[in-house]
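Visitor: Provided below are the primary sequence and the corresponding predicted coordinates.
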Amino acid sequence: MAYMNDVLSVVPQSILLGFAGIGALFLGSKALSYLQFFLNVFVLSGTNLRKYGKKGTWAVVTGASDGLGKEFASQLAAKGFNLVLVSRTQSKLQDLSKELEHKFTHIQTKILAMDFSADNDSDYERLTELVRDLDIAILVNNVGQSHSIPTPFVLTEKKELQDIITINCMGTLKVTQIVAPGMQQRKRGLILTMGSFGGWAPTPYLATYSGSKAFLQQWSSSLAAELKSSNVDVQLCLSYLVTTAMSKVRRTSALIPSARAFVRSALGKIGTGTWQAMPDTYTPFWSHALIGWAAETFLGTGSRILRSYNLKMHVDIRNRALKKAAREAKKQ
């Protein structure tokens with residue numbers, strides 16, 4: 001201690017004050033970051049959806065017939081938005097359309113059955129015609145595909161690889177390019193794209209899916225800057241696991257919400273991700289946000305520790321899935 005005092009005694013006071021100021025700024029920035037995180041996640045509401053359009057304007061939802069897409073459609077209908085429902089299966093879309101129009105008698109729906117994996121130009125032409133004269137306030141880019149089970153990249157089937165990139169990336173880009181110009185002209189709108197923790201941090205054994213979602217992260221943040229002057233908000237919505245067919249998880253918990261709970265938070269927390277490293281990105285569900293904040297604050301999303309954790313977790317998931325498939329094969 002005496003030695004340190006001797007060393008400090010020969011350091012000019014101005015330098016000591018400078019270092020003290022830097023330390024205070026660092027600690028202050030961390031405290032402000034935590035306060036901002038706490039307020040955004042647990043206290044403040046997100047942007048009111050009425051900013052993007054009054055009741056009777058339209059919302060387009062892709063991947064609308066199941067899971068999160070179906071829940072986005074239902075909750076937007078409850079808020080008075082007419083709906084354009086886009087998904088693969090005609091019968092499911094028809095059933096959902098009837099269900100929503102019966103439950104919410106003040107709304108209208110339009111449906112379009114298209115297989116995003118086909119990347120068929122005629123499908124996008126039909127969508128263009130369907131929305132041409134509609135006042136679209138919100139676009140929810142929800143359509144997506146992951147791997148059937150965690151799989152090493154070199155063992156990934158070529159069709160699965162192609163489908164993931166075509167659906168997640170090209171489908172989202174092409175639909176947005178159809179809808180966004182009208183929003184620019186009207187000087188209002190929301191483009192909400194579903195991201196994933198799988199793209200937020202490198203995820204071995206889901207490498208193609210991880211890459212596709214990382215692409216959407218960079219694209220969405222870039223698009224947000226381009227459309228800001230047109231008063232069009234672009235948000236990437238991050239999630240960890242949710243109880244959907246894609247996740248194959250059926251039981252809810254503090255870390256794994258139901259589709260209804262997640263979508264409620266997604267629509268209620270738009271614009272509250274100012275604490276996140278990437279701009280115009282938000283993690284709406286509180287427990288997912290806690291994971292995200294801790295990782296970004298103490299590790300960094302590109303950290304080797306986080307990547308190693310993801311590797312171990314997905315190797316374990318793959319092994320369990322293979323053992324289950326082997327047991328079922330023996331029963332047949």
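Guide: Thanks, I have the structure now.

Visitor: tell me where the chain has strands.
Guide: Secondary structure of the chain (DSSP state E): strands at 58-62, 82-87, 109-113, 136-141, 189-194, 232-237, 281-282.

Visitor: tabulate those strands in CSV, adding columns for distance to I317, mean pLDDT and mean neighbour count.
Guide: Bear in mind the C-beta positions are built from the backbone N, C-alpha and C, glycine included. Formatted as CSV, the strands of the chain follow (distance: least, Cβ to Cβ, whole Å; pLDDT from 0 to 100; neighbours: other Cβ atoms under 10 Å):
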stretch, distance to I317, mean pLDDT, mean neighbour count
strand 58-62, 27, 98, 27
strand 82-87, 27, 98, 26
strand 109-113, 32, 98, 18
strand 136-141, 26, 98, 26
strand 189-194, 21, 98, 24
strand 232-237, 23, 98, 25
strand 281-282, 26, 98, 24
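
Visitor: to Y205, which of these lies closest?
Guide: strand 189-194 (20.7 Å; Cβ to Cβ).

Visitor: now that closest one against strand 136-141, angle please.
Guide: With axes from the mean of the first three to the mean of the last three Cα atoms, to 10 degrees applied, the angle from strand 189-194 to strand 136-141 works out at 10 degrees.

Visitor: which residues does strand 189-194 contact?
Guide: 47, 49, 51-53, 68, 136-142, 144, 172, 176, 179-180, 182-183, 216, 220, 223, 227, 231-237, 239, 266, 270 (Cβ atoms under 8 Å, 6 or more residues apart in numbering).

Visitor: and that strand, which strands flank it?
Guide: strand 136-141 (parallel), strand 232-237 (parallel) (DSSP bridges).

Visitor: distance to S253 for those - can I get that in TSV?
Guide: Shown next, in TSV, are the strands paired with strand 189-194 (distance: least, Cβ to Cβ, whole Å):
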stretch	distance to S253
strand 136-141	25
strand 232-237	20
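
Visitor: closest one to L161 among those?
Guide: Here strand 136-141 is closest among those (Cβ to Cβ), at 20.6 Å.

Visitor: report the distance from that closest one to the chain centre.
Guide: Relative to its chain's centre, strand 136-141 lies at 14 Å (Cα atoms, centre = their mean, to the nearest Å).

Visitor: just the CA coordinates of it, formatted as PDB?
Guide: This file holds the C-alpha atoms of strand 136-141, laid out as PDB (Å, rounded to 0.1, in the frame of the first residue of the first chain):
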ATOM      1  CA  ILE A 136     -50.800  -1.300 -45.600                       C
ATOM      2  CA  ALA A 137     -49.700  -0.100 -42.200                       C
ATOM      3  CA  ILE A 138     -47.800  -3.100 -40.900                       C
ATOM      4  CA  LEU A 139     -45.800  -5.900 -42.500                       C
ATOM      5  CA  VAL A 140     -44.900  -8.900 -40.300                       C
ATOM      6  CA  ASN A 141     -42.100 -10.900 -42.000                       C
END
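
Visitor: got the angle between it and strand 82-87?
Guide: 20 degrees.

Visitor: tell me what angle strand 136-141 forms with strand 58-62.
Guide: Using the same axes, to 10 degrees: strand 136-141 against strand 58-62 is 10 degrees.

Visitor: can you name the residues in contact with strand 136-141?
Guide: Under Cβ under 8 Å, 6+ apart, the answer for strand 136-141 is 49, 52-53, 57-62, 69, 72, 76, 81, 84, 172, 175-176, 179-180, 182-183, 188-194.

Visitor: what of stretch 25-43?
Guide: 269, 272-275, 286, 289-290, 293, 297.

Visitor: and for stretch 219-236?
Guide: Contacts of stretch 219-236 (Cβ under 8 Å, 6+ apart): 47, 51-52, 173, 176, 180, 183-184, 187-193, 195, 216-217, 270-271, 273, 278-282.

Visitor: and it, how far out from the chain's middle?
Guide: 15 Å.

Visitor: and the end-to-end length of it?
Guide: 10 Å (Cα to Cα, to the nearest Å).

Visitor: flag every buried residue along that stretch.
Guide: By neighbour count on 16 or more other Cβ atoms under 10 Å, the buried set for stretch 219-236 is 219-221, 223-224, 227, 230, 232-236.

Visitor: can you give me the helices in the protein?
Guide: Residue ranges of the helices in the chain, as given by DSSP state H, are 2-10, 13-38, 67-78, 90-103, 121-131, 158-165, 172-186, 197-200, 207-227, 259-268, 286-298, 304-331.

Visitor: next, count neighbours for K187.
Guide: 10 (other Cβ atoms under 10 Å).

Visitor: phi, psi for the residue lying closest to it once chain neighbours are set aside please.
Guide: Residue nearest to K187 in three dimensions, not counting chain neighbours: N231, with 4.7 Å by Cβ to Cβ, 6 or more residues apart in numbering. When read as degrees, to the nearest 10, the backbone of N231 gives phi 60, psi 30.

Visitor: tell me the confidence at N231?
Guide: N231 is assigned 98 on the pLDDT scale.
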